[in-house]
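Peer 1: Attaching a predicted model along with its sequence, questions to come.
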Amino acid sequence: MTERLRDAETRFDRAAEAPPTQEELENLFVNNSDLRRIEAHLNRFNPIKTMRMEGMEIRHSAILAWLLDPRETHGFSDKFLRAFLCEAMRGQSALGSPTALEISQADLRDAEVRREWQNIDIFILFPRLDWAIIIENKFHSTQREGQLEEYKKRVRSIFEHQERELKVRGIFLTLHDEVPKDETYAAIQYSAICEILSSIMETEAEIVRENVAMFVRHYIEIIREAAGMSDEAQEMEMLARELYRSHRKILDFVMEHGATTDFVMALEPITGKDPDHGEEFIVDDIRFTFNAHTNAQMSFLPSCWIERLGGRETKWEGCENYWARFPLICWCQLFPQSEGSSGLLRLFAEVGPVKDHEFRKNLIDKISKADLGNVKFQRGAAEPGKKYSKFLKKADIQIKDVHNIEEIEQGIRFLLKKFEPVIEGVAPLLDEFAEYGVSKDG
């Protein structure tokens, strides 16, 4: 065992130099309304979470297959099916029929939705229209080489003896930005499902049964939190940071003697112990500014980006409640697999909410056109109303053991180093935006 691991295991047994007083303990734990708000947020009842289904890809496939089936009991008929397929196929007419326009004008109520048929996550057959849709669902897992092409060949071989040719299209559904290895698949993200379901729930509110509406709301909540889209979750994170600043001494004592996670322990050699918001850390001569961390996530910004955007004192309209307080944020997150001890470590970079839409659009366009490797925005990222637009691809690494502190640490260092060309490529683009849509105190 290395000295670092030995220190990590023993540091929580050390006595604190200055334990908190009785008064300090009461100030934090007795009738603290902010603490009650956070506790209420964490204790919200969600049946999907209660059954520990939120990270299980096969359960998401089951829920989506139910929602996509026009003959199921949700009462949406083919509305969700149509909206989902149209969104996935929008702008993809070059890939062939059915196009988004064809789907929007067709009657889809006789669709046959099959789950785990021929090892395909979701398969949708339209016998009358001679269409077949393959949906490959990747919530946390990664795609296997040749997997998508194999599915299309399998479907064609099964239906090749029918009288009319079957038009087969593929959809690659992911939680975060990921390009399908088979370019004939149309890519769509779970964030689109949130928007589609929210819209349908609003327009169909009067006819959707209450138990269905409640389940769908719970499911939207699960996706929003997993995709980093939950405004409430971000508000709670900000409140937690304020609580920490106000009660740092006692919370440090609790963290020193309480439980922690292997991810947090892996951060210490990188960021230092208990870094403050705004503190710098260095990885391979690259300077980063620490923002915050949770038990499985650490957010930050390259220091050169902050400097190019006018420094830490610059205020950005629309970013006041955004966790970065800047138009951009980066974070690294560990996703344990649903079974076993392995996981996925992933790096994210995102353009967040900005009050001035033209400024946000220009920033996204500038980054998109910079011809940087590993950079690709999702379709519609710069559209009005969009708040969160991720732009990194191929920025993950498999972790064999999510409890191995050294493996997690080395994985984080590897991803940050791999990120260097993007850091250097984006930095000079930010100069022209430093005075665009900002206001400075004083």
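Peer 2: Perfect, I can see it now.

Peer 1: Next, the contact list for the residue located most distally from the centre of the chain, please.
Peer 2: In the chain, the residue that sits farthest from the middle, by C-alpha atoms, centre = their mean, is residue 163; the gap is 43.7 Å. By C-beta atoms under 8 Å, 6 or more residues apart in numbering, the contact set of residue 163 is empty. Every C-beta, even on glycine, is put in place using the N, C-alpha and C of the backbone.

Peer 1: so how far is residue 24 from residue 201?
Peer 2: For residue 201, the distance to residue 24 equals 45 Å [C-beta to C-beta, to the nearest Å].

Peer 1: in the stretch 1-150 of the chain, which ranges drop under the pLDDT threshold?
Peer 2: Where the stretch 1-150 of the chain drops to pLDDT under 70, the residues are 1-18, 25, 29, 35, 38-57, 140-143.

Peer 1: mind running it again at 50?
Peer 2: Scanning the stretch 1-150 of the chain for pLDDT under 50 picks out 1-16, 48, 50-55.

Peer 1: so where do the strands sit in it?
Peer 2: If DSSP state E, counting those that start in this stretch is used as the criterion, the strands of the stretch 1-150 of the chain fall at 112-117, 120-126, 131-138.

Peer 1: want to try CSV for the ones you listed, with distance to residue 79 and mean neighbour count as columns?
Peer 2: Putting the strands of the stretch 1-150 of the chain into CSV (distance: least, C-beta to C-beta, whole Å; neighbours: other C-beta atoms under 10 Å) gives the following:
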stretch, distance to residue 79, mean neighbour count
strand 112-117, 14, 16
strand 120-126, 15, 22
strand 131-138, 16, 22
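
Peer 1: Which one, of those, ends up nearest to residue 275?
Peer 2: Residue 275 lies closest to strand 131-138 among the strands of the stretch 1-150 of the chain, at 32.8 Å (C-beta to C-beta).

Peer 1: Secondary structure class of the residue farthest from the centre of the chain, three-state.
Peer 2: coil (DSSP: H, G, I helix; E, B strand; the rest coil).

Peer 1: Quick check: it vs residue 152, distance?
Peer 2: Here the criterion is C-beta to C-beta. By it, residue 163 lies 20 Å from residue 152.

Peer 1: Domain-wise, how is this protein divided?
Peer 2: In the domain annotation for the chain, the residue ranges read 57-226, 259-440 (automatic domain parsing).

Peer 1: want to throw those domains into JSON lines with distance to residue 247?
Peer 2: Formatted as JSON lines, the domains of the chain follow (distance: least, C-beta to C-beta, whole Å):
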{"stretch": "domain 57-226", "distance to residue 247": "25"}
{"stretch": "domain 259-440", "distance to residue 247": "14"}
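
Peer 1: Residue 244: which of the ones you listed is closest?
Peer 2: Closest among the domains of the chain, once you apply C-beta to C-beta, is domain 259-440, at 9.0 Å.

Peer 1: Now do the same for the closest one: mean pLDDT, whole number.
Peer 2: Domain 259-440 shows an average pLDDT of 86 in the prediction.

Peer 1: ok now it, how far from the chain's centre?
Peer 2: The chain centroid and the centroid of domain 259-440 are separated by 12 Å, computed with C-alpha atoms, centre = their mean, to the nearest Å.

Peer 1: Likewise for stretch 162-169?
Peer 2: Chain-centre distance of stretch 162-169: 36 Å, with C-alpha atoms, centre = their mean.
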